[in-house]
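Undergrad: Here's my sequence, what's the structure:
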Amino acid sequence: MSAVTDQTEKKRLSLESDRRNAYGENEKASRKSIPRGKQRRHMNERRSVAQVLRPVSGNPSDDNAADAELLAKVRITVSKRKGFRKTPDEPLGAMLAKRKAGKPKSSSLAN
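TA: Numbers count the residues shown, from 1 in each chain. Predicted coordinates for the structure are as follows:
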């Protein structure tokens, strides 16, 4: 049983806590696109590190190896900052307010 007994308070808390996907695509598509975005980000990180380490293959000197390692770490950091990031879901109350504000008023259509 809920601790809140007032119905209006219960509804207000529900509109704050319930979340909805506001990304702009079908919610079922998010099931596939979010893992795909993460996959692309990881692939990009691996590719950028491989591009840095490819010229240093074989038996590199200590200076070349240290430079390549530093450059690889920098590229990974840049890739993580620019990479995929899931946008958080919006509270249901905010989505309903946006939807209500976007609709034209019925009295303005009659004039």
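
Undergrad: Tell me the spacing between the residue nearest to Asn44 when sequence neighbours are not counted and Thr87.
TA: Nearest residue to Asn44, sequence neighbours excluded (CB to CB, 6 or more residues apart in numbering): Ser79, at 5.4 Å. C-beta coordinates here come from the backbone N, C-alpha and C atoms, glycine included. Ser79 is 19 Å from Thr87, where distance means CB to CB, to the nearest Å.

Undergrad: For the two, indicate the residue with more neighbours.
TA: Ser79 (18 against 9; other CB atoms under 10 Å).

Undergrad: Gln51 is in contact with the more buried one, correct?
TA: No: with contact defined as CB atoms under 8 Å, Ser79 does not reach Gln51; the gap is 11.3 Å.

Undergrad: host element of the residue nearest to Asn44?
TA: Using DSSP states H and E, Ser79 sits within helix 62-82.

Undergrad: Tell me which residues are up against that helix.
TA: Helix 62-82 has contacts (CB atoms under 8 Å, 6 or more residues apart in numbering) with Arg41, Asn44, Glu45, Ser48, Val49, Gln51, Val52, Leu53, Pro55, Val56, Pro60.

Undergrad: from memory the first one sits against Gly83, does it?
TA: Yes: in this structure Arg41 lies within contact range of Gly83 using CB under 8 Å: 3.6 Å.

Undergrad: The protein: helices as residue ranges?
TA: 7-17, 27-53, 62-82, 92-102, 106-110 (DSSP state H).

Undergrad: Enumerate the positions of stretch 32-45 that are buried.
TA: Buried residues in stretch 32-45, counted by 16 or more other CB atoms under 10 Å: Arg41, Asn44, Glu45.

Undergrad: would a markdown table of these with distance to Ser14 and pLDDT be doable?
TA: As requested, these are exported to a markdown table (distance: CB to CB, whole Å; pLDDT from 0 to 100):
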| residue | distance to Ser14 | pLDDT |
| --- | --- | --- |
| Arg41 | 35 | 91 |
| Asn44 | 40 | 91 |
| Glu45 | 40 | 91 |
